[in-house]
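Undergrad: give me coordinates for this.
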Amino acid sequence: MMTTSEKVQRTAPCGLDCFNCEVYEKNVTTAIIEFVAAKQKLEPKAIPCKGCRAINGKCLFVGDCQTYHCVQEKGVKYCFECLEFPCYKLAPAREGAETYPHNFKLFNLYRMKVVGVERWAETESQEIRQRYFKGKFIPGVGPVTE
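TA: Numbers count the residues shown, from 1 in each chain. Here you go, the predicted structure:
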């Protein structure tokens, strides 16, 4: 079981909870490796991810992540710590919303800012992920799971 400290270290600057991700090295399955390798046209050995902090922002899905480098340049650990938060790098867009979890990241960042990264990692991150990826959206209520 991963400690809170390890979860915090495996939380991306943009708010992604790498430690809960299906392609994170400790979570990935053979089926996920085969699926992602085929979809991304990559070698299967390239799929298990160590988290963006461990690989200096070289994201499997976006390449060299500009958000990661921006956080490094600003001298903060997470986007929500920046004086310009939320900036246009985090602005949502309709195009790609089904593929990229952009709104999910932004919600995570706001929750981390409100409750703290440690509490978010331990008590909220998994539920937020479940609601986002498996929930049914109800206007005025938000995503709910059954």
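Undergrad: residues making contact with the lowest-mean-pLDDT helix or strand in the chain?
TA: None of the helices or strands of the chain scores lower by mean pLDDT, DSSP states H and E than strand 58-59, at a mean of 86. Residues outside strand 58-59 that contact it (C-beta atoms under 8 Å, 6 or more residues apart in numbering): Cys52, Asp64, Cys65, Tyr68. In short, each C-beta sits where N, CA and C put it, glycine included.
Undergrad: those in strands, which ones?
TA: Asp64 (DSSP state E).
Undergrad: make a PyMOL selection of the buried ones in the contacts of strand 58-59.
TA: Remark: buried members of those, expressed as a PyMOL selection using 16 or more other C-beta atoms under 10 Å:
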select buried, resi 52+65+68
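Undergrad: farthest-separated two in the contacts of strand 58-59?
TA: Across those, the longest distance by C-beta to C-beta is 10.5 Å; it joins Cys52 and Asp64.
Undergrad: list the strands paired with the least confident helix or strand of the chain, with their directions.
TA: strand 63-64 (antiparallel) (DSSP bridges).
Undergrad: ok, and what's touching the partner strand?
TA: Gly57, Lys58.
Undergrad: quick one: the strands in this structure?
TA: With DSSP E, the ranges of strands along the chain come out as 58-59, 63-64, 136-138, 142-144.
Undergrad: what pLDDT does the nearest residue to Gly96 once chain neighbours are set aside get?
TA: Nearest non-adjacent residue to Gly96, counting by C-beta to C-beta, 6 or more residues apart in numbering: His102, 7.5 Å away. In this model, His102 is scored at 76, pLDDT.
Undergrad: go on, Lys41?
TA: For Lys41, pLDDT reads 89.
Undergrad: which helix runs longest in this protein?
TA: Scanning the chain for the helix with the most residues, using DSSP state H, yields helix 102-115.
Undergrad: so which other helices or strands are in contact with that one?
TA: Contacts defined by 3 or more C-beta pairs under 8 Å, 6 or more residues apart in numbering; DSSP states H and E place helix 102-115 against helix 125-134.
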